[in-house]
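Student: let me see the structure of the following:
(one chain, ligands or ions: 1)
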Amino acid sequence: MTEYQNLDTLNTPGSVFFIFGATGDLARRKLFPAIYSLYREGKLSEDFAVIGVARRPRTQDEFREDVYQSIQEFGRYRSDLNEEWNTFAQHFEYKSLDINNIDGFRELREQTESLETKFGIPGNRLFYLALAPELFGSVSFNLMKGGMLDGAGWNRLVIEKPFGYDLESAAKLNEEINQVFKEEEIYRIDHYLGKEMVQNIEVIRFANAFFEPLWNNKHIANVQITLGETVGVEERGGYYDNAGALRDMGQNHMLQMLTMIAMEPPSRLLPEDIRDEKVKVLRSLRPYASSDDVAENVVRGQYTKGSAGGKELTAYREEDKVHPESNTETYFAARLFVDNFRWAGIPFYIRTGKRLPVKTTEVVVEFKRMPGNVYLGQKHSLEPNLLVIRVNPMEGLYVKINAKKPGSESEIEPVAMDFCQSCLVGINSPEAYERLLHDAARGDHTYFTRWDEVASAWSFVDKIAQSWRENQGQLEHYPAGSWGPQKADELLQKDGFHWWPVNGQDEDKVIWNKGAN
Ligand code: BG6
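Tutor: From the prediction side, this is the model:
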């Protein structure tokens, strides 16, 4: 890929998409609808085919019906059962397969070759493993053994998180996959990197004269990243109780967002240059020196029973498939430092939790205050300027500035310059999975995590997990529907800061942002 190639106009080459785990939740909720949206928007080559692979038996018609239902239920675009649908559905086939049986892979190869001939597909194959990570190694190996990687075009492997449980297990998993696929053939998904506003962070930073010059420890006081969810663990208790918030959200989504905020401008806008800069941030994270250091800088919580919107909510320990005495965290907050010249001394506060009052992902960049002893600062207590990037579910950004209160003599009040992106594109902003599937099919790695990123993130997170293992007592409890343990507020208070209310709202009182909730 050349430096100046415009990726938006780069077409997806003819390819076969293999969805392993085709009868599962991810395929139904995200992958089939994403493929359909790409098709409707003309982003898929006409020479494409999709083979759904799973263990359970399904006829081709039943499978196409599943795909149809998933699109009707979860798609950005819906379809009627018309000519257009029939043409699209003809590109879908199903293969029932025991992933430990090589013969099944050989049959899959025959099916693939016949579809490639039918649609004139030049042998490009994209393997999406929507499966448990324990299976990545053996599926990769059997793909090779069954001759699935001997086509005339490229092979790409797309895998989902969790990528390991810690650095050691992640390295082992990586080693297994590497026996079959080279790093440049592997696309590790972190769906947060597919979100419109996470990708926009780069543009906001590097395309605006009034942000980049201020983007450093001389002008920024702190950065806050909140990833709040109202849901509990739903039907994923079995997985979650082993993982916890630090592994489920911290090692990946939160650290990835932090790297986008903190990275240096890349020398070129090429995937490897961007990923190089992100890795440097992860390597600059100050590791916690001891268990005391972890206890002082990281808060770990679990929800107890509570309520929201008049509804009773059960405690985490009573959730399905969760151990009744579980000490798994459903919340964590941390105070981090990026030890490089740009960020020296500036705290990054991150927090995430289940059963918080609001579903929201927001980044707040708080600028340093104006000097208190000169000009307006003498008479007024001026609020700091904020840049707030709203990632999810509302998309947009606003800048909070101080202005004269209309009609008053000299009163000053904070006002917002608000860009509400979701108000413009509404619900039709492309889903993360659409973008990521499209990128993988075009061979653009930018928004996928490279192995050294994954490894650096794990080695940072492992230190915290190890300290928690050694000190079970560190778990704080918070009622479901609340903003998490009080201790998370203290993390900021000791630096003279506080969490800015998400959505610009403090409980029911709108502080500065109107109509964007
Ligand atoms: C997933 C986590 O990676 O991200 C889930 O495993 C979490 O626990 C989800 O609910 C949140 O994603 P989003 O896009 O809904 O914010």
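Student: which residue does this structure bring closest to the ligand?
Tutor: Closest approach between the chain and the ligand, counting by CB to the nearest ligand atom: residue 248, at 4.7 Å. In this view, the C-beta of every residue, glycine as well, is placed from N, C-alpha and C.
Student: quick one: that residue is in a helix?
Tutor: Yes - judged by DSSP: H, G, I helix; E, B strand; the rest coil, residue 248 forms part of a helix.
Student: get me the contact residues on the stretch 51-200 of the chain for the ligand.
Tutor: Contact residues (CB under 6 Å from any ligand atom) of the stretch 51-200 of the chain with the ligand: there are none.
Student: low pLDDT regions in the stretch 201-350 of the chain?
Tutor: Along the stretch 201-350 of the chain, no part satisfies pLDDT under 70.
Student: flag every residue of it that's near the ligand.
Tutor: Counting by CB under 6 Å from any ligand atom, the stretch 201-350 of the chain sits next to the ligand at 229, 248.
Student: which elements pack onto the one helix or strand residue 455 maps to?
Tutor: Per DSSP states H and E, residue 455 falls inside helix 451-470. For helix 451-470, the packing partners by 3 or more CB pairs under 8 Å, 6 or more residues apart in numbering; DSSP states H and E come out as helix 167-178, strand 186-188, helix 255-262, helix 271-284, helix 291-297, strand 298-304.
Student: any buried residues in whichever helix or strand comes after it, and which?
Tutor: Next in sequence after helix 451-470, counting helices and strands by DSSP H and E, comes strand 475-479. When burial is assessed from 16 or more other CB atoms under 10 Å, strand 475-479 yields the following buried residues: 475, 476, 478, 479.
Student: returning to that earlier point: against residue 419, how distant is the residue of the chain closest to the ligand?
Tutor: Look at residue 248 and residue 419: by CB to CB, to the nearest Å, they are 31 Å apart.
Student: quick revisit: Throw the helices and strands packed on helix 451-470 into JSON lines and include mean neighbour count, thanks.
Tutor: Output for those, formatted as JSON lines (neighbours: other CB atoms under 10 Å):
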{"stretch": "helix 167-178", "mean neighbour count": "16"}
{"stretch": "strand 186-188", "mean neighbour count": "23"}
{"stretch": "helix 255-262", "mean neighbour count": "24"}
{"stretch": "helix 271-284", "mean neighbour count": "19"}
{"stretch": "helix 291-297", "mean neighbour count": "16"}
{"stretch": "strand 298-304", "mean neighbour count": "25"}
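Student: can I get these in JSON lines with distance to residue 145?
Tutor: Listed next are those as JSON lines, based on distance: least, CB to CB, whole Å:
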{"stretch": "helix 167-178", "distance to residue 145": "14"}
{"stretch": "strand 186-188", "distance to residue 145": "19"}
{"stretch": "helix 255-262", "distance to residue 145": "34"}
{"stretch": "helix 271-284", "distance to residue 145": "30"}
{"stretch": "helix 291-297", "distance to residue 145": "44"}
{"stretch": "strand 298-304", "distance to residue 145": "44"}
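Student: nearest to residue 200, out of the ones you listed?
Tutor: Residue 200 sits nearest to helix 255-262 of all those, at 9.4 Å, using CB to CB.
Student: alpha carbons of the closest one, in PDB - could you do that?
Tutor: Listed in PDB are the C-alpha atoms of helix 255-262, where the atom choice follows Å, rounded to 0.1, in the frame of the first residue of the first chain:
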ATOM      1  CA  LEU A 255      -5.600   1.000  27.000                       C
ATOM      2  CA  GLN A 256      -6.200   1.200  23.300                       C
ATOM      3  CA  MET A 257      -8.200   4.500  23.800                       C
ATOM      4  CA  LEU A 258      -5.400   5.800  26.000                       C
ATOM      5  CA  THR A 259      -2.800   5.100  23.300                       C
ATOM      6  CA  MET A 260      -4.800   7.000  20.700                       C
ATOM      7  CA  ILE A 261      -4.900  10.000  23.000                       C
ATOM      8  CA  ALA A 262      -1.300   9.800  24.100                       C
END
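Student: what's next to it, contact-wise?
Tutor: Outside helix 255-262, the residues that touch it by CB atoms under 8 Å, 6 or more residues apart in numbering are 190, 192-193, 198, 201-202, 205, 223, 225, 227, 277-278, 281-282, 336, 338, 342-343, 348, 350, 361, 363, 365, 391, 449, 453, 457, 460-461.
Student: output stretch 339-355 in CSV with nothing but the alpha carbons.
Tutor: Only the C-alpha atoms of stretch 339-355 are listed here, as CSV (Å, rounded to 0.1, in the frame of the first residue of the first chain):
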residue,chain,number,x,y,z
ASP,A,339,6.5,8.5,31.4
ASN,A,340,7.6,10.4,28.3
PHE,A,341,8.5,14.0,27.5
ARG,A,342,5.0,14.9,26.3
TRP,A,343,3.1,13.5,29.3
ALA,A,344,5.5,13.5,32.2
GLY,A,345,3.7,14.2,35.5
ILE,A,346,0.2,14.2,34.0
PRO,A,347,-2.3,11.7,35.4
PHE,A,348,-4.6,9.6,33.2
TYR,A,349,-7.6,8.4,35.0
ILE,A,350,-9.5,5.5,33.6
ARG,A,351,-12.6,3.7,34.9
THR,A,352,-15.0,1.1,33.7
GLY,A,353,-17.8,-0.9,35.2
LYS,A,354,-20.9,-2.9,34.8
ARG,A,355,-24.2,-1.7,36.3
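Student: tell me how far it lies from the chain's centre.
Tutor: The chain centroid and the centroid of stretch 339-355 are separated by 17 Å under CA atoms, centre = their mean, to the nearest Å.
Student: for that stretch, buried residues please.
Tutor: 342, 343, 346, 347, 348, 349, 350, 351, 352, 353, 354, 355.
Student: identify the residue spatially nearest to residue 479, adjacent ones excluded.
Tutor: Leaving aside its sequence neighbours, residue 479 sits nearest to residue 306 (CB to CB, 6 or more residues apart in numbering; 3.4 Å).
Student: find the centremost residue of this structure, please.
Tutor: Centroid-nearest residue in the chain, with CA atoms, centre = their mean: residue 192, separated by 1.9 Å.
Student: confirm that one sits in a helix?
Tutor: Yes - assessed with three-state DSSP, residue 192 lies in a helix.
Student: so for residue 411, what's the pLDDT?
Tutor: In this model, residue 411 is scored at 82, pLDDT.
Student: was I right about it contacting residue 405?
Tutor: Yes - Residue 411 lies in contact with residue 405 (CB atoms under 8 Å); the separation is 4.0 Å.
Student: please consider this matter closed, and thank you.
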